[in-house]
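*Asks:* next input, structure requested:
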Amino acid sequence: MSTEDFRTLYERLRRAARSGPDGGRRGALRHLTPARVAAAAAEVRLGRTVSLAAPIETRPGPDNPEPAKHRMTGPAPGEAGADGLHFALDRFAMNVHGDADSHLDALNHVLYDGELHDGVPAGDATAPEVRSLSVDLVREGIVGRGVLLDVPRVRGVPWLEPGDHVTVEDLTAAEAAEGVRVGPGDLLLVRVGHRRRRGELGAWEAARARAGLHPRAMAFLAEREVSVLGGDGNNDTAPSAVADVAFPVHVLAVHAMGVHLMDYLQFEEVAGACARAGRWSFLCVVAPLRLPGATGSPVNPIAVL
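*Replies:* Residues are numbered from 1 along each chain as shown. Below you'll find the predicted structure:
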């Protein structure tokens, strides 16, 4: 995709997002109305819950050079077998925006041309306007209809190879095969098979090579008024389809459209459950940590089938 074509697409999607009734500050969450949240509850048929997150990893690997750090800080020596009350304790730290752990990107995560989403200047991270776009924007959680589009299943392969792109045609073909249609306010989940490939072949340097969405596929999300995009990879393909923009899907989704992204989720279990049930939509509950000012959060989305 040429730089000129990317810029044209960026400006078109940005204008559409800023034409919302709230000026665009809540981004695509404006499509997730209380009525749509209530309607999503009707998606529950089996009463089964499925995690969409991968276990947090604490060992370094090719795609995780800065793994999360978790250590037990209690009980103190001698307390484990002692009489009376004592506590087991933990300490945890992580690089939220890595290439292995499941996480949510807030609207203050992507800087482009000196701005954040909705034209907010990116200079001062503590400024009220910047903090208004942080993960605290979704402190009440994100609850709505989740729709899983399993692209490898439709193509008849276990996964997409690194560097491959999900196109608009892939998304519409998955809709047709699954008998579902993505609509306003939906949490769109696109499986590329990243987690399955990693599990079967081992980790690789995903920063250099991974499957993801083609930038033009973001027009599909804008047309359908999707509120959230989640993937089992980074959502962006590597190498990038745009020579001078390393993460074009992040720029278009987060920066231009105000779509919260969830990266490196785990779809293998829910894909199997959906295939067995013959239904590819469900209630989806996302509860990020309350971290005012933060650019993202580790996340464990739950599908309720």
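*Asks:* backbone dihedrals for R91, please?
*Replies:* As for R91, its main-chain torsions (degrees, to the nearest 10) stand at phi -130, psi 140.
*Asks:* which SS state does the residue nearest to it when sequence neighbours are not counted fall under?
*Replies:* Counting by C-beta to C-beta, 6 or more residues apart in numbering, R91 lies nearest to T73, which is 5.1 Å off, once chain neighbours are set aside. Just so you know, the C-beta spots here come from the backbone N, C-alpha and C atoms, and that holds for glycine as well. Put simply, T73 is strand when judged by DSSP: H, G, I helix; E, B strand; the rest coil.
*Asks:* ok, the one 3 residues further on next?
*Replies:* Of the three states, A76 takes coil under three-state DSSP.
*Asks:* next one: F282
*Replies:* Going by three-state DSSP: F282 is strand.
*Asks:* any idea how far it is from R145?
*Replies:* 7 Å (C-beta to C-beta, to the nearest Å).
*Asks:* the more surrounded of the two?
*Replies:* F282 (28 against 25; other C-beta atoms under 10 Å).
*Asks:* partner residues bridging the more buried one?
*Replies:* G146 (DSSP bridges).
*Asks:* what about R210, how many neighbours?
*Replies:* By other C-beta under 10 Å, neighbour count at R210 equals 28.
*Asks:* overlap in contacts of F282 and R145?
*Replies:* E43 (C-beta atoms under 8 Å, 6 or more residues apart in numbering).
*Asks:* which residue sits closest to the residue nearest the centre of the chain in space, ignoring its chain neighbours?
*Replies:* The chain has M262 as the residue nearest its centroid, 1.1 Å off, counting by C-alpha atoms, centre = their mean. Excluding its sequence neighbours, the residue lying closest to M262 (C-beta to C-beta, 6+ apart) is G230, at 3.6 Å.
*Asks:* confirm that neighbour sits in a strand?
*Replies:* Yes - assessed with three-state DSSP, G230 lies in a strand.
*Asks:* give me the neighbour count for it.
*Replies:* 26.
*Asks:* and for V96?
*Replies:* Count around V96 with other C-beta under 10 Å applied: 21.
*Asks:* thinking it is in contact with P288, fair?
*Replies:* No - under the criterion of C-beta atoms under 8 Å, V96 makes no contact with P288, lying 10.0 Å away.
*Asks:* and the gap between the residue sitting furthest away from the middle of the chain and V270?
*Replies:* Computed with C-alpha atoms, centre = their mean, the residue of the chain farthest from its C-alpha average is D83, at 46.3 Å. Distance of D83 to V270, computed by C-beta to C-beta: 46 Å.
*Asks:* shared neighbours, V96 and P288?
*Replies:* G296, S297, P298.
*Asks:* which of these fall in strands?
*Replies:* Among these, the residues falling in strands (DSSP state E) are G296, S297, P298.
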